[in-house]
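# Pasting the sequence and the predicted model now:
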Amino acid sequence: MSLTVEQLAAAVESVMPEVVKIRRHLHQHPELSGEEEKTASLVAESCEILGLKVRQNIGGHGLLVTLKVDENRPWIAFRADMD
């Protein structure tokens, strides 16, 4: 599967309104550091809606989200904090 820069840009652009909505919700409903239970649930649910595989409760409220494109290609890992 080959993806052009234009296709990637269009895919990102298509989800940006929802990303902004979620970010605003999270900022309006903050949780204390280490107690991000609702935040983790919202992020997990949002990822599952996008068709991503989600493992929850990693080291507390952590998530491991996997997007498989091609098992024969290299992986890229991203890390983000919820606090």
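Right, received. Where do you want to start?

# What is the neighbour count of A40?
Using other C-beta atoms under 10 Å, A40 has 20 other residues around it. C-beta coordinates here come from the backbone N, C-alpha and C atoms, glycine included.

# Could I get the contacting residues of it?
By C-beta atoms under 8 Å, 6 or more residues apart in numbering, A40 lies in contact with 56, 61-63, 82.

# Mind putting those into TSV with secondary structure, neighbour count and pLDDT?
Output for the contacts of A40, formatted as TSV (DSSP: H, G, I helix; E, B strand; the rest coil; neighbours: other C-beta atoms under 10 Å; pLDDT from 0 to 100):
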residue	secondary structure	neighbour count	pLDDT
Q56	strand	13	95
H61	coil	20	92
G62	strand	13	92
L63	strand	19	94
M82	coil	16	80
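
# Quick test: name the residue nearest the centre of this protein.
Centroid-nearest residue in the chain, with C-alpha atoms, centre = their mean: C47, separated by 5.2 Å.
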